[in-house]
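S.K.: Okay, predicted coordinates and the sequence, questions at the end:
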Amino acid sequence: MTTPRISPFPAATVLGYPRIGRRRELKRALEAYWDGRATAAGLRRAGLDLRRESWTRLAALGLDRPPSNTFSLYDHVLDTAVMLGAVPERYRGPSAEDTYFAMARGTDRVAPLRMTKWFDTNYHYIVPEIGPDTVFAADPGKPVAEVREARELGLSTRPVLVGPVTFLLLAQGVPGGARRFAPLDRLPDVLGAYKNVLAALAAEGVDWVQLDEPALAAGRTEAELDAAGAAYRRLGALPDRPGLFVATYFGSAGAALPVLADTPVEAIGLDLVRGDDHLTAAWPEALAGKTVVAGVVSGRDVWRTEPEPALAALAALRERAGSVSVSTSCSLLHVPYDLAAETTLEPALVRRLAFADQKVAEVTGLAARLAVLPPGGGPSLPPPAAPVPTRPPAPPARSPYEVRAAAQAAHLRLPPLPTTTIGSFPQTGELRAARAALAAGELGEAEYDRRVRGEIERVVRLQERLGLDVLVHGEPERNDMVQYFAEHLDGFAVTRNGWVQSYGSRCTRPPILHGDVRRGAPITVRWAEYARSLTAMPVKGMLTGPVTIVAWSFVRRDLPLRDVVFQVADAVRDEVRDLEDAGISIIQVDEPALRELLPLRAADQEAYLAWAVEAYRRATSGAGDRTQIHTHLCYSDADQILAAIDGLDADVTSIESARSHGRILTEPAVAAFARGLGPGVYDIHSPRVPDAAEVEKSLRALLDVLPPGRVWVNPDCGLKTRTYPQVEAALTNLVTATRRVRDTVTSGGGTGTDARGG
Ligand SMILES: CN1c2c(nc(N)[nH]c2=O)NC[C@@H]1CNc1ccc(C(=O)N[C@@H](CCC(=O)N[C@@H](CCC(=O)N[C@@H](CCC(=O)O)C(=O)O)C(=O)O)C(=O)O)cc1
Ligand SMILES: N[C@@H](CCS)C(=O)O
Ligand SMILES: [Zn+2]
């Protein structure tokens, strides 16, 4: 084995950078391409322009050798699967773009690969499918091309790859024979492909490669850690390779640290924002010979870094490691580009904030200060400032379910198998344009309200015509299910341009929760009331739950998260009571992010679930017995948290099940779940419209495991990303199928439905 000659790691770096474009250029380019308004060459050109702009900006901000291959046309995990040749046969199309986007989005012919949360962030990745027979064949084309593109600008870059262990741990095993199989079993074969990629990059003159291994910070089994050690020993043994920088993040490297220290990798990245025990835990001796890339600037939030504690941590690390470089805790993908693009935030808040570009400046500033700090010098480590807990008294609990169910059945008199939707109806271009015009002062409030009311009336009439049993107002007034509430609550600020990629071309502007949260005036009541005034059918009020509002915001750090969530819960509680006072008898409080905040480490999960459930119950506890509380979860691998979902004590729960192929229904906890349940029978994430026979089949399958008195019929999420023709067709079929099935069952009671039958 030859020891590679490697140049020193840069003193300051970032693990990644946003890629959607400062003005969401990538979103527009992708959607133009998908709609047939632009060619593949046009799309590629837009990508190149974005990469060039990012590298130029990073260089201007003082970063030597910025990262490359952090750009993606859709998702970096999908890019990794393509780079390794792990493309399931059914997706292969006439062009590389056809194949790539078929995996990401599906086609008329084939459903897309599954999409799920990237660890505990609000970013979603495409789940690779790996089977015992997957053939790995390296295609280093993309990372190599990006190295060349940057070189044309006179810049050397550090290509970033998803590491082999994380790639396989995030993949889904597919059956390919009789034996049970885990993707990690394929590590030796995957490493063969990584070796070829590393060799191609070395041949390109690359001196460092970053291998992202966030999965190693999530508390792994001994077998997984052994596999990680073996993998990096094997990659480290390659002759003529670039320097290997393995980045762990989203938590403490924990037991993975001694494992990585014991391999030939030259640099190890540590998340010092989430993994603050790195400074106190036992320190593997082997690290004395390595570079520690110290993530002291948070890539997960928008708060300015306190320089003195960061510098103290860097100085302490420098005493123990071979050398220390300053970095972000993770990629900056999760924060907006530039605070300078915001013109409406309060100056006092602006002084507390840093977006991606400001964070790059923090990293270079800290590196400059560290460089002139004499050995053994620097501020001493201050004791960590513990957030001050506050514990507001718990409001009285609701009556037992049986009492509520009887009151609701008498009051609501719903048929068995009631049909409903999850809340949003398609968001039209006209409405989005009207909202933009309102914000720009080009449209008056009264005219905007008139248009929203027009849309509500259209949605109500449509639902009446379709024959749904519980109607919604359609949420046309909401730009986003979290941002909308943040705009109406004290303690939050919202941005004009702070877009963060959620998946593919879709973005959100996470609100900034910076102070005590309070609800001044009712938020949704007038819209729900208006819908109710239009129809004799029951109208369901629609709120976002406290955990989800907090999960999809950037949150103050001076209070324990639990206490922040409780404040939001109390604001939601005020809204629940006002909806009830306005005569709304069914209120849905969505918690799609309940699973998302689940701590990555198993030991912390129980405490989180306990307070998350308590927050939900706080938010809904003001509702009287006759008021039926619904909740909705999606994006959430709900099967892992069924006991907590049960603990929410909602009268009715709608849950995503279409994409997990009904797997959730086989869970014993579902059979034990005593209240109303609406496992989605229509996958709204796909443009495909299910026919009535298909919905009927799903319903009959549901009735094999659930008593008819508990079953609700609904899509698996809101309809905001679909078009009206798709929605009309799908809901027509959903109602037709329900009526057919209803004719063959009698209600067992208990969901607030009565026993009148179809
Ligand atoms: C359920 N999901 C959500 C998550 N997080 C949230 N905060 N919200 C969610 O709903 N996380 C998990 C999932 C992720 N899924 C999605 C699904 C869909 C989107 C999405 O469609 N986002 C939109 C932006 C939504 C929005 O803010 N709309 C605004 C602004 C609209 C706009 O672009 N306006 C134009 C001008 C108007 C025009 O002429 O068309 C502009 O500003 O240029 C609004 O409606 O007012 C997206 O387009 O990406 C996100 C996450
Ligand atoms: N009520 C929301 C929930 C989405 S998770 C909607 O229907 O869009
Ligand atoms: Zn949903």
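M.R.: Yes, it's here. Please read all numbers here as calculations on a predicted model, not as lab measurements. Numbers count the residues shown, from 1 in each chain. Ligands and ions are numbered 1, 2, ... in the order given.
S.K.: In this protein, what residue lies closest to ligand 1?
M.R.: Across the chain, no residue is closer to ligand 1 than residue 479, which sits at 3.4 Å (Cβ to the nearest ligand atom). C-beta: built from backbone N, CA, C; applies to glycine.
S.K.: for the residue nearest to that residue when sequence neighbours are not counted, helix, strand, or coil?
M.R.: In this structure, residue 479 finds its nearest non-sequential neighbour in residue 435, 6.1 Å apart by Cβ to Cβ, 6 or more residues apart in numbering. Following DSSP: H, G, I helix; E, B strand; the rest coil, residue 435 is assigned to helix.
S.K.: Can you tell me which residue is spatially central in the protein?
M.R.: By Cα atoms, centre = their mean, the mean C-alpha position of the chain lies nearest to residue 122, the distance being 2.2 Å.
S.K.: Give me the nearest residue to the residue in the stretch 651-758 of the chain that ligand 3 sits nearest to, chain neighbours excluded.
M.R.: Per Cβ to the ion, the residue of the stretch 651-758 of the chain with the smallest distance to ligand 3 is residue 717, at 3.3 Å. In space, residue 717 comes closest to residue 634 once its chain neighbours are excluded; the distance is 4.5 Å by Cβ to Cβ, 6+ apart.
S.K.: burial measure for the residue of the chain closest to ligand 1, as a count.
M.R.: Neighbouring residues of residue 479 were enumerated by other Cβ atoms under 10 Å; the total is 18.
S.K.: Touching, it and residue 438? I think so.
M.R.: No: taking contacts as Cβ atoms under 8 Å, residue 479 lies outside contact range of residue 438: 10.5 Å.
S.K.: Tell me how many other residues surround the residue in the stretch 551-700 of the chain positioned nearest to ligand 2.
M.R.: Of all residues in the stretch 551-700 of the chain, the one sitting closest to ligand 2 is residue 592 (4.0 Å; Cβ to the nearest ligand atom). Under the neighbour criterion other Cβ under 10 Å, residue 592 is assigned a count of 26.
S.K.: gap between it and ligand 3?
M.R.: Summarising the geometry, the distance separating residue 592 from ligand 3, computed by Cβ to the ion, to the nearest Å, is 5 Å.
S.K.: and the residue nearest to residue 717, what does it touch?
M.R.: Taking Cβ atoms under 8 Å, 6 or more residues apart in numbering as the contact definition, residue 634 lies against 422, 592, 655-656, 680, 716-717.
S.K.: Swap in 6 Å and give it another go.
M.R.: For residue 634, the contacting residues are 592, 656, 717, taking Cβ atoms under 6 Å, 6 or more residues apart in numbering as the criterion.
S.K.: List the residues that contact residue 51.
M.R.: Shown here is residue 51, whose contacts under the criterion Cβ under 6 Å, 6+ apart are residue 71.
S.K.: and it, what pLDDT?
M.R.: Model confidence at residue 51, expressed as pLDDT, equals 98.
S.K.: same question, residue 533
M.R.: At residue 533, the model reports a pLDDT of 98.
S.K.: and it, how many neighbours does it have?
M.R.: Using other Cβ under 10 Å, residue 533 has 11 neighbouring residues.
S.K.: what's the helix or strand for it?
M.R.: In this assignment (DSSP states H and E), residue 533 forms part of helix 525-534.
S.K.: helices and strands around that helix, which ones?
M.R.: Counting contacts by 3 or more Cβ pairs under 6 Å, 6 or more residues apart in numbering; DSSP states H and E, helix 525-534 packs against helix 445-466, helix 561-581.
S.K.: With distance to residue 59 added, can I get those helices in JSON lines?
M.R.: Converted to JSON lines, the helices and strands packed on helix 525-534 look like this (distance: least, Cβ to Cβ, whole Å):
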{"stretch": "helix 445-466", "distance to residue 59": "43"}
{"stretch": "helix 561-581", "distance to residue 59": "37"}
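S.K.: Pick the most buried one from the ones you listed.
M.R.: Among the helices and strands packed on helix 525-534, ranked by average contacts under mean count of other Cβ atoms under 10 Å, first place goes to helix 561-581 (a mean of 22).
S.K.: What is it packed up against?
M.R.: Using 3+ Cβ pairs under 6 Å, 6+ apart as the contact definition, the elements that helix 561-581 packs against are strand 512-519, helix 525-534, strand 540-544, helix 546-551, helix 605-620.
S.K.: Dump the C-alpha coordinates for that helix into CSV.
M.R.: Included here for helix 561-581 are C-alpha records, laid out as CSV according to Å, rounded to 0.1, in the frame of the first residue of the first chain:
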residue,chain,number,x,y,z
LEU,A,561,-38.1,22.6,22.6
ARG,A,562,-40.9,21.1,24.7
ASP,A,563,-41.8,24.4,26.3
VAL,A,564,-41.8,26.1,22.9
VAL,A,565,-44.2,23.4,21.6
PHE,A,566,-46.4,23.9,24.6
GLN,A,567,-46.7,27.6,23.9
VAL,A,568,-47.8,26.9,20.3
ALA,A,569,-50.2,24.2,21.7
ASP,A,570,-51.9,26.9,23.8
ALA,A,571,-52.3,29.1,20.8
VAL,A,572,-53.8,26.3,18.8
ARG,A,573,-56.1,25.6,21.8
ASP,A,574,-57.4,29.1,21.6
GLU,A,575,-58.2,28.5,17.9
VAL,A,576,-59.9,25.2,18.6
ARG,A,577,-62.2,26.9,21.1
ASP,A,578,-63.1,29.7,18.8
LEU,A,579,-63.9,27.3,15.9
GLU,A,580,-66.1,25.4,18.3
ASP,A,581,-67.9,28.6,19.4
